[in-house]
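Colleague: sequence first, then the predicted structure:
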Amino acid sequence: MATTPHAYALTDLDTVKEALGIVTATDDNLLTRLINAVTDYAERHCGRRFKDTTYTDELYSGDGDYELILKQCPLTDTQAVIVKIDDVVVDAADYYTIKPEGVLHKNSGWATGIQNIKVTYSAGFAATPSDIEQACIELVGLIYKRAKNAELRSETIGSYAVTYADVKASPFAMDILNFYRKDI
């Protein structure tokens, strides 16, 4: 049964196969599963979805501060941001957006309350940033090689012994993911 790639995958099968020098379809299902898993890992690690997505009625608690930091960024369509406080739509003239950071600024401050603010907005990237895609490709390649025993360092037949290379995520890939990490 063929594995279906996530709609929000950070790279695609053809790109990964080209980067790894794979020309057959033998491991397509495995590679697709790895792309999906690495995409999920990257998004969990960074605390965000990278592909442009619409979020509807996302709940926030107002604390009287001037800034409301949205869970996702960058904002992609600031005209389509809808803010409701206690289910009453806030006039868009009463706040402004700081697009890259995904912040809504209200000069009078956001009303205090527990999950009293609902925000509908779109955020993410139309295309995966090339550095994020490369980090995904590297992580997929690393796991793929481990699965295919490509990281075998030594093997002994008499009283069988095997040694694998110490495989860790590349500092390059982790630096990229850490750069995009959203800490709230």
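Modeller: On my side now, so go ahead.

Colleague: got the contact list for stretch 58-71?
Modeller: Stretch 58-71 is contacted by residues 47-48, 55, 85, 98, 101-107, 109-121, 123, 182, 184 when judged by C-beta atoms under 8 Å, 6 or more residues apart in numbering. Every C-beta, even on glycine, is put in place using the N, C-alpha and C of the backbone.

Colleague: break the chain into its domains for me.
Modeller: The record's domain split for the chain, according to automatic domain parsing, is 13-48+142-164, 53-123.

Colleague: how about the contacts made by the residue lying closest to Thr54 once chain neighbours are set aside?
Modeller: Using C-beta to C-beta, 6 or more residues apart in numbering and skipping the chain neighbours, the partner closest in space to Thr54 is Ser122 (4.7 Å). The neighbours of Ser122, taking C-beta under 8 Å, 6+ apart as the test, are Asp52, Thr53, Thr54, Tyr55, Leu75, Thr76, Asp77, Ala80.

Colleague: look up phi and psi at the closest residue in space to the last one that isn't next to it in sequence.
Modeller: With sequence-adjacent residues excluded and distances taken as C-beta to C-beta, 6+ apart, Ala80 is closest to Ser122, at 6.0 Å. Listed backbone geometry of Ser122 is phi -120, psi 140, with angles given as degrees, to the nearest 10.

Colleague: bridging residues for Leu68?
Modeller: Leu104 (DSSP bridges).

Colleague: and the gap between it and Tyr96?
Modeller: Computed as C-beta to C-beta, to the nearest Å, the Leu68 to Tyr96 distance reads 11 Å.

Colleague: any idea which helix or strand comes after the helix or strand bottoming out on mean pLDDT in the chain?
Modeller: Least confident helix or strand of the chain, by mean pLDDT, DSSP states H and E, is strand 161-164 with a mean of 56. Downstream of strand 161-164, the next assigned helix or strand under DSSP states H and E is helix 171-180.
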